[in-house]
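In: the sequence and its predicted three-dimensional model are supplied below.
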Amino acid sequence: AQTIHQWPVAEIKAVGSPLSLGCTIKGKSSPNLYWYWQATGGTLQQLFYSITVGQVESVVQLNLSASRPKDDQFILSTEKLLLSHSGFYLCAWSLRGDTEVFFGKGTRLTVV
Amino acid sequence: GQQVQQSPASLVLQEGENAELQCNFSTSLNSMQWFYQRPGGSLVSLFYNPSGTKHSGRLTSTTVIKERRSSLHISSSQTTDSGTYLCALRSSGSWQLIFGSGTQLTVMP
């Protein structure tokens, strides 16, 4: 059974349009959750992390926001996409008190 | 400055040759992970190795904390090993996993 599910798999969106990417973790109680982003040809960067419901910390400012509405759900969003938001987005989790990080399959976002 | 440096940036081998990929870091280490990144972008976890040596088939990871380096050794390379290899570290007291810029490995038949 898949532990981490990301949606959608891919999106093509217009500049200025809103975005919502999601991630659900099943079978793990109160995981730490993370969002990462990779521009085409670039290095993976951590964007946000969350250690508990309702609490999200920003690592890199990219005019994006993240929320954790439920223990097993992490949402990445923006009201207005920029061309520079294009890239590959990865959601990840780790167990409380553990440092090994596990990744979802990612979402490919193309902003046109 | 850059906290994680991977080398080489690219490597071309003949099938059957061995590969040594390096990751050097300038911060105190809490954990080190190695990944293979598929062409589509998803990550395959190879090793979680905060210290010491670990083996998995033809792959070996060695992390030496006091020397601030971690390596990934691929023995008897195969064409299917081609792709991008990433190291990522978490420093002590940080929630951030910092990735290296990767090594692009090409194994020729």
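Out: Structure's in. What do you need? Treat the numbers as computed from the prediction; the structure is a model and nothing was measured. Residues are numbered from 1 along each chain as shown, chains lettered A, B, ... in the order given.
In: name the helix or strand for the residue nearest to B:Ser45 when sequence neighbours are not counted, please.
Out: Distances taken as CB to CB, 6 or more residues apart in numbering or on different chains place B:Phe35 nearest to B:Ser45, at 5.9 Å, with adjacent residues excluded. Placement of C-beta: from N, CA and C, glycine included. Applying DSSP states H and E as the criterion places B:Phe35 in strand B:29-37.
In: tell me the residues of chain A that contact chain B?
Out: A:32, A:34, A:36, A:38, A:43-46, A:49, A:51, A:57, A:59, A:88, A:90, A:92, A:99-106, A:108 (CB under 8 Å from any CB of the partner chain).
In: now, the residues you listed that are in strands?
Out: Within the residues of chain A next to chain B, residues falling in strands by DSSP state E are A:32, A:34, A:36, A:38, A:45-46, A:49, A:51, A:57, A:88, A:90, A:92, A:102-103, A:108.
In: still on that earlier bit, what lies in contact with the strand holding B:Phe35?
Out: The contact list for strand B:29-37 (CB atoms under 8 Å, 6 or more residues apart in numbering or on different chains) reads A:99-101, A:103, B:23, B:43-51, B:61, B:63, B:65, B:68, B:70, B:72, B:83-94, B:97, B:102.
In: which of those are buried?
Out: Among the contacts of strand B:29-37, those classed as buried by 16 or more other CB atoms under 10 Å in any protein chain shown are A:99-101, A:103, B:23, B:43, B:46-50, B:61, B:63, B:70, B:72, B:83-91, B:94, B:97, B:102.
In: re earlier: pairing partners for the residue nearest to B:Ser45 in the sheet, please.
Out: Beta-bridge pairing for B:Phe35 (DSSP bridges): B:Ser45, B:Leu86.
In: state the distance from it to A:Ser67.
Out: Separation of B:Phe35 from A:Ser67 (CB to CB, to the nearest Å) stands at 27 Å.
In: check B:Gly83 too.
Out: According to CB to CB, B:Gly83 and A:Ser67 sit 34 Å apart.
In: fine, thanks again, bye for now.
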